[in-house]
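[1] What follows is a predicted protein model with its sequence.
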Amino acid sequence: MVTGRFDRSVSMVAWAYNEEALISGFLERALAALDDAVGDYELILVDDGSTDRTNEIAQTLARRNPRLRVVTNERNMNIGPSFKRAVAAARKEFVFWQTVDWSYDLSHLRLFLELLKHFDVVVGVRPVPIRLLSYIPVIRSIYRVRTRSDNLRKAIVSLGNYYLIRILYKMDFHDFQNIQFYPTALAQSFSLEGESSFLAPEMLARAMARGCRFLEVPIHFIPRSGGEAKGTKLRSIVRSVRDIWRNWVRWGWRFRLSRRGRAPGQICRVSEPFFLEEDVLRLVIPLFKSFRSRAAPTATPSPTL
């Protein structure tokens, strides 16, 4: 059982574009979660050239809380440059990210951070309820559709993106677009070429090429409670698919070939407890119930200033 606050320093990063309906609630919730879990932390928000009150609201909160830093893009640069800028701005020992619509459940944040003492990278995955049929590959994909997003269309887009990356890059992770936790020095050492949401899987590929050990932990998806989702717009989908293929041509095919003959065991999973070491198994016991329930947490309505 984990007690007390995490004894190492942590940077939480995020990016936002025209999110005035959510930004106040997100920042207050993020600061509260960090304060509960960590003694030494910072919260970095990259405002991606918003034209509404997103920046104004964030700057007001930053003046009240010095642990919040707001970085402003002069114009809208989209998720890729904002992601890179957010990670580059991190100053603490470990770094992770969360979406402004709080898409992923951080109820076990303190535990996720503790696991960084045992693994190089901790990777969030949307848990698939354990059922007898869920062990059949095609049926498992149907279960995944039900847990990946807040409607069927978005879930299908998400799952299509997942399988395209998994097939092209030969990475056996159960999720690519979720929260990931890294040592900051490692994350900042990558020469990232992606310009879209592909950056999260690219970071996993770069870490895998370094021989890092990963632990997949269950982190539920939470449906958006307000504002407008931008990641599944047609323009964003086209940009992401183009980015996936362009990077595969540049370096991905060589990375895939380099995976041949690699010994298994680089990716450990809470969903496969028999392969975990005893000290890790004791830590992750509270996470097992994530695989028994189909119900994801619900989002909390976000106030505005």
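    Nice, I can see it.
[2] Nearest spatial neighbour of residue 55, chain-adjacent residues omitted?
    For residue 55, ignoring the flanking residues on the chain, the nearest one in space by C-beta to C-beta, 6 or more residues apart in numbering is residue 47 at 4.6 Å. Quick note: C-beta positions are derived from backbone N, CA and C, even for glycine.
[3] Give the burial count for that neighbour, as a bare number.
    Residue 47 is surrounded by 24 other residues when neighbours are defined as other C-beta atoms under 10 Å.
[4] That one is in contact with residue 58, isn't it?
    Yes - at 6.1 Å, residue 47 and residue 58 qualify as touching, with contact defined as C-beta atoms under 8 Å.
[5] Could you name every residue contacting both of the two?
    Counting by C-beta atoms under 8 Å, 6 or more residues apart in numbering, the shared contacts of residue 47 and residue 58 are 16, 70.
[6] any idea how far the residue nearest to residue 55 is from residue 287?
    33 Å (C-beta to C-beta, to the nearest Å).
[7] For the most centrally placed residue in the chain, which non-adjacent residue is spatially closest?
    Closest to where the C-alpha atoms of the chain average out (C-alpha atoms, centre = their mean) is residue 179, at 1.9 Å. Spatial nearest neighbour of residue 179, chain neighbours left out: residue 124 (4.1 Å); criterion: C-beta to C-beta, 6+ apart.
[8] so the one you found bridges to which residues?
    Using DSSP bridges, the bridge partners assigned to residue 124 are residue 217.
[9] so who does it touch?
    Shown here is residue 124, whose contacts under the criterion C-beta under 8 Å, 6+ apart are 104, 112, 175, 178-180, 216-219.
[10] So which of those sit within helices?
    Secondary structure from DSSP state H places residue 112 of these in helices.
[11] In TSV: the contacts of residue 124, plus distance to residue 6 and pLDDT.
    Formatted as TSV, the entries for the contacts of residue 124 read as follows, by distance: C-beta to C-beta, whole Å; pLDDT from 0 to 100:
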residue	distance to residue 6	pLDDT
104	18	94
112	9	98
175	23	92
178	20	94
179	15	97
180	17	98
216	20	97
217	15	97
218	19	95
219	17	95
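[12] and residue 245, how many residues sit next to it?
    Other residues lying near residue 245 total 14 when counted by other C-beta under 10 Å.
[13] Oops, could you answer that again for residue 223 instead?
    15.
[14] With residue 17 instead?
    Residues contacting residue 17 under the criterion other C-beta under 10 Å number 21.
[15] Please tell me how far the residue nearest to residue 179 sits from residue 260.
    The gap separating residue 124 from residue 260 is 28 Å, by C-beta to C-beta.
[16] So residue 114 sits against residue 5, correct?
    No - the criterion here is C-beta under 8 Å, and residue 114 misses it with residue 5 at 10.5 Å.
[17] These two: which has the busier surroundings?
    Neighbours per residue (other C-beta under 10 Å) separate residue 114 from residue 5, with residue 114 holding more: 19 against 15.
[18] Pop out the phi and psi values for the residue nearest to residue 55.
    Here the main-chain torsion angles of residue 47 (degrees, to the nearest 10) amount to phi -90, psi 120.
[19] Great, nothing more from me.
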